[in-house]
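Student: Sequence first, then the predicted structure, then my questions.
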Amino acid sequence: QVQLVESGGGLVQPGGSLRLSCATSGFRFHYYAIAWFRQAPGKEREQISCITDSPYYEDSVKGRFSISRDNDRNTVYLQMSRLKPEDTAVYYCATDFTQACPLKDSNGPKYWGGGTQVTVSS
């Protein structure tokens, strides 16, 4: 059974840092691209980062966020630094069992985790 479980969210002040984790099971983790998405209130879900052998970043997080993967632990991490109030969102990890980043809607259905809330506020 495919599972993705996010953790590490919370409340942080502007300029602070958080590290999110996406623990996976039920598939050959090291074969596939894993992406991070986020959805802010009233906005569409957006893909912000993705990793296969190399990382992809959406422009708004480039230089502030860093994605990595541990193939021994079947886990992907998102290190977030210099956080801004506009980073407030529910963060999700996902895969569609393809091997290229970013994940495309045309690839077919995605498997999602349940999300973790990140709130950036003073």
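Tutor: Cool, got the structure.

Student: quick one, what contacts the residue most central in space within the chain?
Tutor: By Cα atoms, centre = their mean, the chain has its centre lying nearest to Trp36, at 2.1 Å. Going by Cβ atoms under 8 Å, 6 or more residues apart in numbering, Trp36 touches 20, 22, 47-50, 67, 76, 78, 91-94. The C-beta positions use only the backbone N, C-alpha and C, and glycine is treated the same way.

Student: which residues are in contact with the helix or strand hosting Tyr56?
Tutor: Taking DSSP states H and E as the criterion, Tyr56 maps to strand 55-57. For strand 55-57, the external contacting residues (Cβ under 8 Å, 6+ apart) are Ala35, Ile48, Ser49, Cys50, Phe65, Ser66, Ile67, Ser68, Cys101, Pro102.

Student: And these, which is closest to Trp112?
Tutor: Ala35 (10.1 Å; Cβ to Cβ).

Student: Identify the bridge partners of the closest one.
Tutor: Beta-bridge partners for Ala35, by DSSP bridges, are Cys50, Ala94.

Student: Please indicate which of the contacts of strand 55-57 are buried?
Tutor: Ala35, Ile48, Ser49, Cys50, Phe65, Ile67, Cys101 (16 or more other Cβ atoms under 10 Å).

Student: Now tabulate the contacts of strand 55-57 in a markdown table and tack on pLDDT and distance to Arg82.
Tutor: Converted to a markdown table, the contacts of strand 55-57 look like this (pLDDT from 0 to 100; distance: Cβ to Cβ, whole Å):
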| residue | pLDDT | distance to Arg82 |
| --- | --- | --- |
| Ala35 | 98 | 21 |
| Ile48 | 98 | 14 |
| Ser49 | 98 | 15 |
| Cys50 | 98 | 20 |
| Phe65 | 98 | 9 |
| Ser66 | 98 | 11 |
| Ile67 | 98 | 16 |
| Ser68 | 96 | 18 |
| Cys101 | 95 | 23 |
| Pro102 | 95 | 22 |
